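In: show me the folded form of this:
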Amino acid sequence: KTYDDEYARGPPSGECRFNLAWALIRSKARAQIATGVSLMRVLYDERFSDRDCLYYMALGEFRLDNLAASRAHLKQLLDISPTCREAISLLDIVDDKITEDGLIGLGLVGALVAALCSLGIGFAMRRDA
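Out: Predicted coordinates for the structure are as follows:
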């Protein structure tokens, strides 16, 4: 509502656009989260608030399962503000998720290889018989 009110009077302020982007990133709808990340990117490019924009872009990308993008934003934020506890905590969560996804991927590949080997052995035994 505040955004619409400001937009009706002219270009919305950076703070108003930031609040809208923040609300969209906290949404449950993926399309709204993506829109929020895009708005936050524009604000970041305008140098509105580097630290806050980077953090919320990272959070939005994490919520969209774009782990590499989330991690990149967090690394960039930690270059600016190395003691930012929120960024450090979120980076730990992102890294854990990347590790977890990697292990699941390895497990799936291992299962696929085992299944293909079993099929190959089965066909070889059938052909010999």
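
In: return the backbone torsion pair for residue 29.
Out: phi -90, psi 120 (degrees, to the nearest 10).

In: gap between stretch 19-30 and the chain center?
Out: Stretch 19-30 sits 13 Å away from the centroid of its parent chain (CA atoms, centre = their mean, to the nearest Å).

In: and that stretch, average pLDDT?
Out: Average pLDDT, stretch 19-30: 96.

In: what residues does it touch?
Out: Residues from elsewhere that reach stretch 19-30 (CB atoms under 8 Å, 6 or more residues apart in numbering): 2-3, 12, 32-33, 35-37, 39-40, 43, 56, 59-60, 63-64. Where C-beta positions appear, they are placed from N, C-alpha and C, glycine not excepted.

In: could you redo the last one with a cut-off of 10 Å?
Out: With CB atoms under 10 Å, 6 or more residues apart in numbering as the test, stretch 19-30 has contacts from 2-4, 6-7, 12-13, 31-44, 48, 52-53, 56-65.

In: start to end distance for it?
Out: The first and last residues of stretch 19-30 sit 18 Å apart, counting by CA to CA, to the nearest Å.
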